[in-house]
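Asker: Turn this into a model:
(one chain, ligands or ions: 2)
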Amino acid sequence: MSRRLEGKRLLIATHNAGKLKEIGALLAPYGIECLSAGALGLAEPEETGTTFVENAILKARAAAKAAQMPALADDSGLSVAALGGRPGVYTADWAERQWFEGPSGRDWYMAMGKVEGLLCELGPAADRSCWFSCVLALAWPDGDSAVYEGRVEGTYSWPPRGTMGFGYDPVFVPQGKDITFAELAPEEKHRISHRADAFAKLVADQFGA
Ligand SMILES: O=P(O)(O)OP(=O)(O)OP(=O)(O)OC[C@H]1O[C@@H](n2cnc3c(O)ncnc32)[C@H](O)[C@@H]1O
Ligand SMILES: [Mg+2]
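Answerer: Ligands and ions are numbered 1, 2, ... in the order given. Prediction:
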């Protein structure tokens, strides 16, 4: 068992609104008061690590030190088997957020064309297996930290489908389903996602009997 949170206030060290919403929902049952790094005006640290664990700890420690309170960070990403696990820890850097015209004439979804382009280069029979990883790091102002890792398996699907969630959700079909994360109700995503998997471990360690 790791060091436990003493108070009920926790700084959520992310600048990603989609993550913040999911983390808030996942923590809601535990009576934790969440403060966001954005609301406190904290700077976004440079993610210089080469693993999810390194980056999650780096983000949590920077926030905990700056705000002098315990902080929770999330480092996550999508890994594609046929691409040797890329983009992985560099998922955010690859997320070329471009909007384009859908058939209805409206701007309607984000293009995740870079990964799709690489899969297409491998040919129509390319293995589209992929997984989302999530590492949650808790850090205290004195530098102490604890990490929890989660993962969910799926398939990279094209074209993107759905409007819920965030990031790469429209191209990720979780194993055992035929719809994308962006088509799943948030409660359902929170039951099976990489973030939910990591949260289950955090909750058992921090709030368990
Ligand atoms: O570092 P912070 O401030 O938390 O925000 P970020 O968006 O930069 O987050 P990461 O560095 O952890 O990069 C993870 C990227 O992986 C993607 N991602 C992570 N979890 C996801 C999820 O549940 N659904 C879809 N995409 C996800 C999304 O594009 C994120 O930008
Ligand atoms: Mg980031």
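
Asker: From here on, just use CA atoms for contacts and neighbour counts.
Answerer: Will do.

Asker: Helix or strand with the lowest mean pLDDT in the chain?
Answerer: Least confident helix or strand of the chain, by mean pLDDT, DSSP states H and E, is strand 107-110 with a mean of 39.

Asker: Next, the buried residues of stretch 187-199.
Answerer: Using 16 or more other CA atoms under 10 Å as the test for burial, stretch 187-199 gives 189-190, 192-199.

Asker: same check, this time on stretch 29-39
Answerer: In terms of neighbour count (16+ other CA under 10 Å), stretch 29-39 has its buried residues at 34-38.

Asker: Flag the least confident of those.
Answerer: Least confident of the buried residues of stretch 29-39 in the model: residue 38, at 87.

Asker: Checking the residue lying closest to that one once chain neighbours are set aside next. Helix, strand or coil?
Answerer: Among residues not flanking residue 38 along the chain, residue 15 sits closest, at 6.0 Å (CA to CA, 6 or more residues apart in numbering). Of the three states, residue 15 takes coil under DSSP: H, G, I helix; E, B strand; the rest coil.

Asker: mind listing what residue 15 touches?
Answerer: 37-38, 44 (CA atoms under 8 Å, 6 or more residues apart in numbering).

Asker: Now flag whichever of those residues is closest to residue 163.
Answerer: Ranked by distance to residue 163 (CA to CA), the contacts of residue 15 are led by residue 38 at 24.1 Å.

Asker: any idea how far that closest one lies from residue 205?
Answerer: 27 Å (CA to CA, to the nearest Å).

Asker: before we move on, the earlier item: got the phi and psi for the residue nearest to residue 38?
Answerer: The phi and psi torsions at residue 15 (degrees, to the nearest 10) take the values phi -110, psi 10.

Asker: ok, residue 165 - contacts?
Answerer: When contacts are counted by CA under 8 Å, 6+ apart, residue 165 touches 18, 181-182, 186.

Asker: Can you flag the buried ones in those?
Answerer: Going by neighbour count (16+ other CA under 10 Å), those have 181-182 buried.

Asker: Just the contacts of residue 165: which are in helices?
Answerer: Counting by DSSP state H, the contacts of residue 165 place 18, 186 in helices.

Asker: Report the entries of the contacts of residue 165 that also contact ligand 1.
Answerer: Filtering the contacts of residue 165 for proximity to ligand 1 by CA under 6 Å from any ligand atom leaves nothing.

Asker: Format the contacts of residue 15 as CSV; extra columns: secondary structure and distance to ligand 1.
Answerer: Shown next, in CSV, are the contacts of residue 15 (DSSP: H, G, I helix; E, B strand; the rest coil; distance: CA to the nearest ligand atom, whole Å):
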residue, secondary structure, distance to ligand 1
37, coil, 9
38, coil, 9
44, coil, 7
